[in-house]
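Visitor: Just to be clear, the model below is a prediction. Sequence and coordinates:
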Amino acid sequence: MTGTRRPGLRLRIDPALRLLLHSRHRSGEPVVPHDGTSTVGHVIQSLGIPLTEVGEIRTDGTPVPAGHVPRPSPCADVVVDVLPVARPQPPPVRPLRFLLDVHLGGLARRLRLLGLDTAYHTERADEALLEQANAERRVLLTQDRGLLRRRALWAGAYVRGGGTEEQLADVLTRFAPPLEPWTRCPACNGALAPVDKAEIAHLLRPGTRRSYDVFLRCRDCARIYWRGAHHGSLRATVAAARELLDRPGPPPEAGGPGPVRQDRQSSE
Ligand SMILES: [Zn+2]
């Protein structure tokens, strides 16, 4: 067959992108017929890879844009090299804002803990996600390749990893966002602000009231946060994120109290 077929496009997919290929293309180098009218971007997406994940594209060694239409060759395949997006990639919007797909709740809380503006809903249809991402200029983070291939989506990224830690590392190394730990409510994404203990003392359990003096309150949902039993593990999350970004900053203590628990959910 190979000897008799007409030359087409031979795609050399970078190993970092192979998991995004439709399963039938995952072994070897896919060769697709070339009609002389499809763009390389269209061909790459037709194999399963969303263009949000693609960095440089080369045809026969020359960098080309995704909209490039390769000239068919009469005697040999056109070789298309497909490289992953650079890490870190330039942020599509500043400050960076995210919208997370419904299955990424754990990741949403971690990103908010690190101070990143992260919208998240436990239930939301694909259309509504696209609409919100576009309207609010948020980068849609998802593990749904189909959603990322939607032409209407302005910016998105595929999240790698099965567990929250892996996913967090993936997002941090991809966008290298500036971190502002303890500034956002992990529950609702609202801004946290210091609040006088006297103002909220009546909401605290006696043990909390005795043991803590510094509190933060969410401007949106009014949840109250203070350093408590889980502070150590949250601080470890922040420290690990900073280490990953190779960007040592002031220790979390310098930035104020940690949002660690809120009384209504405390089991103390
Ligand atoms: Zn809140």
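Guide: Nice, I can see it.
Visitor: remind me which residues of the stretch 1-150 of the chain are low pLDDT?
Guide: Along the stretch 1-150 of the chain, segments meeting pLDDT under 70 span 1-3.
Visitor: Show me where it has its helices.
Guide: 40-46, 105-113, 126-135, 145-148 (DSSP state H, counting those that start in this stretch).
Visitor: Quick check: which of those is nearest to the ion?
Guide: helix 105-113 (9.0 Å; Cβ to the ion). (Each C-beta comes from the backbone N, C-alpha and C, glycine too.)
Visitor: Pull out the buried positions in the closest one.
Guide: Within helix 105-113, the residues scored as buried using 16 or more other Cβ atoms under 10 Å are 107-113.
Visitor: now swap in stretch 144-153 and tell me
Guide: For stretch 144-153, using 16+ other Cβ under 10 Å, the buried residues are 144-145, 147-150, 153.
Visitor: For these, work out which two are farthest apart.
Guide: Arg145 and Leu153 (11.8 Å; Cβ to Cβ).
Visitor: What residues does the residue nearest to Gly41 when sequence neighbours are not counted make contact with?
Guide: In this structure, Gly41 finds its nearest non-sequential neighbour in Ala66, 3.1 Å apart by Cβ to Cβ, 6 or more residues apart in numbering. When contacts are counted by Cβ atoms under 8 Å, 6 or more residues apart in numbering, Ala66 touches 39-41, 44, 51, 54, 57.
Visitor: May I have stretch 121-139 as PDB, with CA atoms only?
Guide: Once non-C-alpha atoms are left out, stretch 121-139 reads as follows in PDB (Å, rounded to 0.1, in the frame of the first residue of the first chain):
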ATOM      1  CA  HIS A 121     -18.800  25.400  39.000                       C
ATOM      2  CA  THR A 122     -19.700  21.900  40.000                       C
ATOM      3  CA  GLU A 123     -22.200  21.700  37.200                       C
ATOM      4  CA  ARG A 124     -22.100  23.600  33.900                       C
ATOM      5  CA  ALA A 125     -22.800  22.600  30.300                       C
ATOM      6  CA  ASP A 126     -20.000  22.800  27.700                       C
ATOM      7  CA  GLU A 127     -21.800  25.700  25.900                       C
ATOM      8  CA  ALA A 128     -22.000  27.700  29.200                       C
ATOM      9  CA  LEU A 129     -18.300  27.100  29.900                       C
ATOM     10  CA  LEU A 130     -17.400  28.300  26.400                       C
ATOM     11  CA  GLU A 131     -19.600  31.400  26.900                       C
ATOM     12  CA  GLN A 132     -18.100  32.300  30.300                       C
ATOM     13  CA  ALA A 133     -14.500  31.700  29.200                       C
ATOM     14  CA  ASN A 134     -15.000  34.000  26.200                       C
ATOM     15  CA  ALA A 135     -17.000  36.700  28.000                       C
ATOM     16  CA  GLU A 136     -14.700  37.000  31.000                       C
ATOM     17  CA  ARG A 137     -11.500  36.300  29.000                       C
ATOM     18  CA  ARG A 138     -10.700  33.300  31.200                       C
ATOM     19  CA  VAL A 139      -8.400  30.500  30.100                       C
END
